[in-house]
Every structure is written in structure tokens, then in C-alpha cells.
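Q: please find the sequence and the predicted model below.
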Amino acid sequence: MTNKPTSPATTTEHVFSEQDYAFMQRAMELASRAEEEGEVPVGAVLVKDGEVVAEGWNQSIGAHDASAHAEMQVIRKAGQVLENYRLLDTTLYVTLEPCPMCAGALLHSRVKRVVFGAPDLKAGAAGTVLNLFESQASYHYADVESG
């Protein structure tokens, strides 16, 4: 038997603040926008010091760009707003668990905390299928919460 740490995606109880709920609600509104545009309904909001830095939604189909996930849209916009590729002391709220591409980008951009709504049973990289956020190969770690 291996002594495997509990992954964030399988932790059963979290205490979320009213602010967490408000920002996740906004991410859900953005997911609805994605759905209206014929995209996979995922929305994301990046917050620093209680203020929205960037918002995004899936745009892969319309943009003909496999990397145009909601998280990637937010990372790109936030880098421009903050004039830094390191998104230090930020929290990302996203409606669906990040895939390996997005998890890698979040780690590279040094997002401090990731809060996701639903697990991704096919490609979840925050504990459902694999966990890049707890990988010993990672040089940066983020706090991950779900629920």
C-alpha cells in the first residue's frame, strides 16, 4: 500500500467565503456565454486583492484554437493587465477542473490558488484523473479547492 496524499479534487469539505461564491457565480455566467456561442461551457475569473484582473470563457471552437480554453484566455489577459507573466498572489475561479494544458500554464504563471466547480472525469489534472498541482515534477505549487 502506498502512502498517497489526498488530492484537492477528492477533499470532501471546504469552507468557501462569500467572495468565493460571488466570483464562482461570475465564472458560471461566463460559462453560459461560452455555451451561447456553441463552446464547451467553461468560464474563468482571475482575482487579485479582491478585484477581478481578467475574465474568460472557452473559445476554442470559434477561434479554431485548441489552446483557447477559459483558463488560457484569463492567463493571457491577466499577463497584459499586470504586465507580468507571473500572476503572483492571484486566485483563479473556474467552473470545470483544469486540464493538463491549463494546469501547466497555471503552474508556470504562479497562480496561488485555484478554485474549480466541477471535476473533469476525462481530463481533470487537479486530482480527478491526475494531479499536476501535487506532482513532484512541479517547481511551483498552488492551493486547489473544489466543490
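A: Good, I have the coordinates. In this text, all values refer to a predicted model and were calculated from it rather than measured experimentally.
Q: skipping adjacent residues, who's closest to the residue sitting nearest the centre point of the chain in space?
A: Centroid-nearest residue in the chain, with CA atoms, centre = their mean: residue 94, separated by 4.6 Å. Spatial nearest neighbour of residue 94, excluding adjacent residues (CB to CB, 6 or more residues apart in numbering): residue 44 at 4.2 Å. Placement of C-beta: from N, CA and C, glycine included.
Q: circling back to that earlier point, residues making contact with the host helix or strand of the residue nearest to the centre of the chain?
A: Using DSSP states H and E, residue 94 falls within strand 90-96. Identification of contacts with strand 90-96 by CB atoms under 8 Å, 6 or more residues apart in numbering yields 20, 23-24, 26-28, 30-31, 41-48, 53, 70-71, 74, 78, 106, 111-118, 120.
Q: filter the residues you listed down to the buried ones.
A: Among the contacts of strand 90-96, those scoring as buried are 20, 23-24, 26-28, 30-31, 41-48, 53, 70-71, 74, 78, 106, 111-117, 120 (criterion: 16 or more other CB atoms under 10 Å).
Q: the residue nearest to residue 130 when sequence neighbours are not counted and residue 50, how far apart?
A: Counting by CB to CB, 6+ apart, residue 100 is the residue found nearest to residue 130 once chain neighbours are left out, at 7.2 Å. Distance, residue 100 to residue 50, by CB to CB, to the nearest Å: 30 Å.
Q: same deal with residue 67?
A: For residue 67, the distance to residue 50 equals 29 Å [CB to CB].
Q: please identify which of those two sits among more neighbours.
A: Taking other CB atoms under 10 Å, residue 67 and residue 50 do not tie; residue 67 has more neighbours (14 against 8).
Q: and the longest helix anywhere in the chain, how far out from the chain middle?
A: For the chain, the longest helix by residue count, based on DSSP state H, is helix 18-36. With CA atoms, centre = their mean, to the nearest Å as the basis, helix 18-36 stands 12 Å off its chain's centre.
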